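In: Structure here, sequence nowhere to be found:
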Ligand SMILES: [Zn+2]
């Protein structure tokens, strides 16, 4: 049943959605001009572009809901590390090409499931953004999934690197499925699903692809957390922001 | 000056897409509405891809064109729902794309034939291309690479 939700909770929820795509979009854009082959370079740049486009929609709505006159650009370029609400996995450095695509796949799969549910949101604005973004996410997961299978079930070296990437990244996945008070309030208002309920569909999708990739999901139950609620980011976020935000910091209000 | 909405549509039909100039913005399906609100002409635009850099260029082109035609107050509104789909592209636009060398979108998810020689023996090179809306394919018969307008 849809209840009433206060604006600060909705604002927080929208930051979590928009910061995920912003931070990952920036990371992926770091590959521009550096990918192993031209087609992959173009694919990575286009993926980053879609993620930044989704960010404009989420953070644009966040600014509107907050009601203090902040634009998507203000939120992206003028907040400091402790105000960011992205999941920790997305701020980690890219690593090699395989690790970048493994992360992309683990996030794309979450996006596909999450956005699919958000299309049923009681908030029409959220549902509209989800409908738009889910088409792009479906395209992304097709590519990242194929690449994970190609490299996982590839040469001895590519297999080893993909397994290492999965071992490294998998403990960060759990954060995407843990609800705190904000997520619970948003779920009770019918605006978003309860994150825990996404897990079954996610595990089925990810399990199918990883098994085709001959990769094994690591054991262990430890979950790195703290990004979505802003309690504790990794040391990497500050470095990322200093590169992403320097122009607005050095020349406030600069436009082109 | 207040002209009819039909006249505004006619003017907009002459505006080319900035990245694929053989089709117009109206044929592409991104202009969703034209309406007068008092003395302001409100044009509603939907983006093809959320991050497509052409969207702001398209909005600038529309505004500039209508001002040239003598409309003083123009307002651009972005509309997300319903999300843009390649189904809105007219048959005429599809034919123009193919003649230009870009295979038009197909529900099956890949091009039907090579826009140059018509062969149906094709292979995908990359899911992405020079703009967010295109993918790269190659013809196995004439060996030419070509772009395919993604179906979304
Ligand atoms: Zn051919």
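Out: Nice, thanks for sending it over. None of the values given here were measured: they were computed from a predicted structure.

In: hey, where'd the strands end up in chain B?
Out: With DSSP state E as the definition, chain B shows strands at residue ranges B:31-37, B:40-45, B:73-78, B:102-103, B:122-126, B:134-139, B:145-149.

In: Let's have those in JSON lines, adding mean neighbour count.
Out: Every residue, glycine included, has its C-beta placed from N, CA and C. Below are those laid out as JSON lines (neighbours: other Cβ atoms under 10 Å in any protein chain shown):
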{"stretch": "strand B:31-37", "mean neighbour count": "15"}
{"stretch": "strand B:40-45", "mean neighbour count": "18"}
{"stretch": "strand B:73-78", "mean neighbour count": "14"}
{"stretch": "strand B:102-103", "mean neighbour count": "23"}
{"stretch": "strand B:122-126", "mean neighbour count": "16"}
{"stretch": "strand B:134-139", "mean neighbour count": "21"}
{"stretch": "strand B:145-149", "mean neighbour count": "21"}
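
In: TSV please, covering those strands and showing mean pLDDT and distance to the ion.
Out: TSV is the format used below for those (pLDDT from 0 to 100; distance: least, Cβ to the ion, whole Å):
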stretch	mean pLDDT	distance to the ion
strand B:31-37	95	33
strand B:40-45	96	35
strand B:73-78	94	39
strand B:102-103	96	10
strand B:122-126	94	8
strand B:134-139	94	3
strand B:145-149	95	8
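
In: Relative to chain A, tell me which of those wins on proximity.
Out: strand B:122-126 (3.7 Å; Cβ to the nearest Cβ).

In: Which residues outside that closest one are in contact with it?
Out: A:39-40, A:42-43, B:110-111, B:113-114, B:135-140, B:145 (Cβ atoms under 8 Å, 6 or more residues apart in numbering or on different chains).

In: Show me which pair in the residues you listed is furthest apart.
Out: Using Cβ to Cβ, those span at most 26.7 Å, a distance reached by A:40 and B:113.

In: These two: who's more crowded?
Out: Set side by side, residue A:40 and residue B:113 show more neighbours around residue A:40, with 19 against 15, by other Cβ atoms under 10 Å in any protein chain shown.

In: if I've got this straight, the more buried one is in a helix?
Out: Yes: counting by DSSP: H, G, I helix; E, B strand; the rest coil, residue A:40 falls inside a helix.

In: who touches it in this structure?
Out: Per Cβ under 8 Å, 6+ apart, neighbours of residue A:40: A:97, B:126.

In: so how far is residue A:122 from it?
Out: For residue A:40, the distance to residue A:122 equals 40 Å [Cβ to Cβ, to the nearest Å].

In: again, but for residue A:16
Out: Taking Cβ to Cβ, one finds residue A:16 at 18 Å from residue A:122.

In: Pull out the buried positions in stretch B:14-34.
Out: The neighbour-count check on stretch B:14-34 (16 or more other Cβ atoms under 10 Å in any protein chain shown) flags B:15, B:17, B:19-20, B:23-31, B:34 as buried.

In: The ion contacts on chain B?
Out: Neighbours of the ion within chain B, by Cβ under 5 Å from the ion: B:114, B:116-117, B:119, B:139, B:142.

In: ok, so what distance separates whichever residue of the stretch 1-150 of chain A sits closest to the ion from chain B?
Out: Nearest residue of the stretch 1-150 of chain A to the ion, counting by Cβ to the ion: residue A:39, 19.2 Å away. Distance check for residue A:39 against chain B: by Cβ to the nearest Cβ, to the nearest Å, it reads 4 Å.

In: do residue A:193 as well
Out: Distance of residue A:193 to chain B, computed by Cβ to the nearest Cβ: 19 Å.

In: nearest spatial neighbour of that residue, skipping sequence neighbours?
Out: In space, and not counting its chain neighbours, residue A:193 is closest to residue A:117: 4.1 Å by Cβ to Cβ, 6 or more residues apart in numbering or on different chains.

In: thinking again about what came up before, just the buried residues of stretch B:14-34 now: which is nearest residue B:101?
Out: Distance to residue B:101 across the buried residues of stretch B:14-34 (Cβ to Cβ) is lowest for residue B:20, with 10.4 Å.

In: Tell me who's in contact with that closest one.
Out: By Cβ under 8 Å, 6+ apart, residue B:20 lies in contact with B:28, B:97, B:100, B:102, B:131.

In: Report how many residues lie close to the last one.
Out: It stands for residue B:131. 20.

In: show me the contacts for it.
Out: Taking Cβ under 8 Å, 6+ apart, we find residue B:131 in contact with B:19-20, B:52, B:54.

In: Farthest-apart pair in those, please.
Out: Checking those with Cβ to Cβ, the most distant pair is B:20 and B:52, at 11.9 Å.

In: per-residue confidence averaged over the helix or strand where residue A:21 lies?
Out: Here residue A:21, judged by DSSP states H and E, is contained in helix A:7-29. Averaged across helix A:7-29, pLDDT comes to 97.

In: likewise stretch A:68-79?
Out: Averaging pLDDT along stretch A:68-79 yields 96.

In: who's in contact with that stretch?
Out: With Cβ under 8 Å, 6+ apart as the test, stretch A:68-79 has contacts from A:15, A:18, A:22, A:55-56, A:59-60, A:62-63, A:244-245, A:247-249.

In: try 7 Å this time
Out: With contacts defined as Cβ atoms under 7 Å, 6 or more residues apart in numbering or on different chains, stretch A:68-79 is touched by A:22, A:55-56, A:59-60, A:62-63, A:245, A:248.

In: In helices, which of those fall?
Out: Using DSSP state H, A:22, A:55-56, A:59-60, A:62-63, A:248 are the members of these that sit in helices.

In: picking up where we left off before, out of the contacts of residue B:20, which one sits closest to chain A?
Out: Closest approach between these and chain A, by Cβ to the nearest Cβ: residue B:131, at 8.2 Å.
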